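Asks: Build the 3D model from these lines:
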Amino acid sequence: MKQLRLIIISLAALLAASCHEIPQYADNPRGNFDALWRTLDEHYCFFREKGIDWDEVYSRYSPKISDRMTSEELFIVCAQMLDELRDGHTNLSSSFNTSYYRRWWSDYPQNFDDRLIKEHYFNFNYRQTGSIIYGILHENIGYMRIPSLSYGIGEGNLDNILYYLRTCDGLIIDIRDNGGGSMTTVETIVARFITQRTLAGYISHKNGPGHDDFSEPYAYYYEPAEQGRVMWGKPVAVLTNRSTFSAANNLVSIMRTLPAVKIVGATTGGGSGMPFSSELPNGWGIRAGPRPSRPDNRIRHRALRRLRRRPRPAGRPPGSRHHPRLRHRPAQFIIHNA
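Replies: Numbering: from 1, shown residues only. Predicted structure coming up:
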């Protein structure tokens with residue numbers, strides 16, 4: 001019995017030494033401000049990469065906190081402090097306002113006009129499936145505009161788009177002003193341009209409160225689309241601008257590693273990933289990017305969610321109703337140059 005008691009005491013001591021103490025904060029201006037600063041201090045990933053001295057930031061903003069300040073005044077100070085991170089994925093949300101760091105795109109010229117594309121290049125005679133518009137431009141070049149990755153793109157939709165464009169000499173994928181969305185959608189798109197398992201990059205996770213507390217990076221891969229799907233093997237140009245952000249930025253980082261793909265346009269806005277969420281004592285929500293990743297070309301991104309694999313829908317071969325000629329195709333239909 002005495003030995004068991006000693007074992008229990010020893011285990012308790014080890015647990016106490018290994019546990020990270022979680023401080024409690026009062027629901028007042030000082031408590032909420034300190035809770036916000038501490039949450040980012042322990043969970044934000046990119047202080048070192050951006051050269052941010054978070055302690056120095058605290059020393060500048062902390063004197064602005066007063067017990068007599070209103071919620072509006074507290075929100076403004078907290079939002080200004082978050083802007084020091086220069087991160088479009090980092091927000092503070094209250095019942096009356098949500099803070100956004102907008103300078104990642106607002107300081108750059110707007111260079112995309114959706115109406116210009118539809119009117120001057122297609123004379124409004126384009127095709128559309130879901131949010132994607134597509135068609136054939138002059139000089140026999142296929143065009144596909146993906147305005148968002150927030151909504152899933154059906155495998156059948158991609159089959160029909162690529163099959164319609166099969167006679168084109170090349171393909172333009174326009175993701176300018178695409179603010180991101182689902183990494184599963186990114187995977188669905190990339191799968192049409194690879195014919196074998198492809199290294200997409202490396203992911204590490206924040207695993208401690210220190211600014212350098214990260215897990216060892218591990219590789220993640222994309223798989224080609226399942227048998228029977230329409231694939232693309234001709235040249236591709238991906239159009240980007242500063243408002244290409246979040247998961248759309250990740251799509252660019254992966255597509256640029258493929259041999260037949262060229263990236264054309266302005267530098268993207270970065271910010272690939274799914275942010276983590278937390279809450280202050282007063283109920284205000286915090287959002288900030290959690291995980292760093294390195295694509296295969298070792299270019300660092302600001303954040304990247306874990307790729308959550310899920311089984312692809314079984315589905316019928318493309319065009320079982322729309323394209324009877326493809327009904328019984330036993331293998332992938334890969335579009336190549338003649």
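Asks: use CA for all of it now, contacts and neighbours both
Replies: Will do.
Asks: Apart from its chain neighbours, what residue comes closest to residue 187?
Replies: Leaving aside its chain neighbours, residue 187 sits nearest to residue 222 (6.6 Å; criterion: Cα to Cα, 6 or more residues apart in numbering).
Asks: And for residue 204?
Replies: In space, residue 204 is closest to residue 217, 4.4 Å off (Cα to Cα, 6+ apart).
Asks: same deal with residue 279?
Replies: Closest to residue 279 by Cα to Cα, 6+ apart is residue 285, at 4.6 Å.
Asks: Isn't the one you found up against residue 99?
Replies: No: at 10.5 Å, residue 285 and residue 99 do not qualify as touching, with contact defined as Cα atoms under 8 Å.
Asks: Name all residues that make contact with the residue nearest to residue 187.
Replies: Residues near residue 222 by Cα atoms under 8 Å, 6 or more residues apart in numbering: 187, 190, 191, 197, 198, 199, 200.
Asks: Closest one to residue 138 out of the residues you listed, please.
Replies: residue 190 (25.4 Å; Cα to Cα).
Asks: Contacts only, for that closest one.
Replies: 222, 224, 251, 254, 255.
Asks: Repeat the analysis, applying 10 Å as the threshold.
Replies: Applying Cα atoms under 10 Å, 6 or more residues apart in numbering to residue 190 gives the contacts 198, 200, 222, 223, 224, 225, 251, 252, 254, 255, 258.
Asks: Tell me the confidence at the residue nearest to residue 204?
Replies: For residue 217, the pLDDT comes out at 91.
Asks: just to revisit the earlier point, ok, of the contacts of residue 190, which come out buried?
Replies: Buried by 16 or more other Cα atoms under 10 Å: 198, 200, 222, 223, 224, 225, 251, 252, 254, 255, out of these.
Asks: pretty sure residue 200 belongs to a strand, no?
Replies: Yes: per DSSP: H, G, I helix; E, B strand; the rest coil, residue 200 lies within a strand segment.
Asks: what's the nearest residue to it if we skip its chain neighbours?
Replies: residue 221 (5.1 Å).
Asks: Check whether that neighbour really touches residue 198, as I assumed.
Replies: Yes: using Cα atoms under 10 Å, residue 221 is in contact with residue 198, at 5.4 Å.
Asks: What ranges does the protein have for its helices?
Replies: 2-18, 29-43, 47-50, 54-61, 71-83, 103-106, 114-116, 155-164, 183-190, 247-255 (DSSP state H).
Asks: Can you check what pLDDT the model gives the residue nearest to residue 187?
Replies: Reported pLDDT for residue 222: 95.
Asks: So for stretch 90-110, mean pLDDT?
Replies: 91.
Asks: buried ones in that stretch?
Replies: Buried-residue list, stretch 90-110, by 16+ other Cα under 10 Å: 90, 91, 92, 93, 99, 100, 101, 104, 105.
Asks: Convert it to CSV, retaining C-alpha atoms only.
Replies: C-alpha atoms of stretch 90-110 as CSV (Å, rounded to 0.1, in the frame of the first residue of the first chain):
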residue,chain,number,x,y,z
THR,A,90,-6.3,36.8,-37.5
ASN,A,91,-9.5,38.4,-36.3
LEU,A,92,-11.3,39.6,-33.1
SER,A,93,-15.1,39.2,-33.2
SER,A,94,-17.6,40.9,-30.9
SER,A,95,-21.4,41.4,-31.1
PHE,A,96,-20.8,44.8,-32.7
ASN,A,97,-17.7,44.5,-34.9
THR,A,98,-15.1,42.1,-36.3
SER,A,99,-11.6,43.2,-36.9
TYR,A,100,-9.7,42.4,-40.1
TYR,A,101,-6.2,43.2,-41.2
ARG,A,102,-6.9,44.4,-44.7
ARG,A,103,-3.6,45.9,-45.7
TRP,A,104,-2.4,42.6,-47.1
TRP,A,105,-4.5,43.4,-50.1
SER,A,106,-5.7,47.0,-49.8
ASP,A,107,-2.2,48.4,-50.2
TYR,A,108,-2.0,46.8,-53.7
PRO,A,109,-3.7,47.8,-56.9
GLN,A,110,-6.9,46.1,-58.0
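Asks: Figure out how far that stretch is from the centre of its chain.
Replies: Chain-centre distance of stretch 90-110: 16 Å, with Cα atoms, centre = their mean, to the nearest Å.
Asks: Where is pLDDT lowest across the contacts of residue 190?
Replies: Within those, lowest confidence goes to residue 200 (89).
Asks: Please verify my assumption that that one contacts residue 219.
Replies: Yes: here residue 200 reaches residue 219: they are 7.6 Å apart, a contact under Cα under 10 Å.
Asks: Tell me how many other residues crowd residue 67.
Replies: 10 (other Cα atoms under 10 Å).
Asks: Check what pLDDT the residue nearest to it when sequence neighbours are not counted gets.
Replies: Excluding the flanking residues, the one nearest residue 67 by Cα to Cα, 6+ apart is residue 29, at 5.8 Å. pLDDT for residue 29: 98.
Asks: Now do the contacts for residue 29.
Replies: 35, 65-71, 73-75, 78, 281-282.
Asks: Apply 7 Å and report the result again.
Replies: 65, 66, 67, 74 (Cα atoms under 7 Å, 6 or more residues apart in numbering).
Asks: from those residues, which has minimum pLDDT?
Replies: residue 67 (94).
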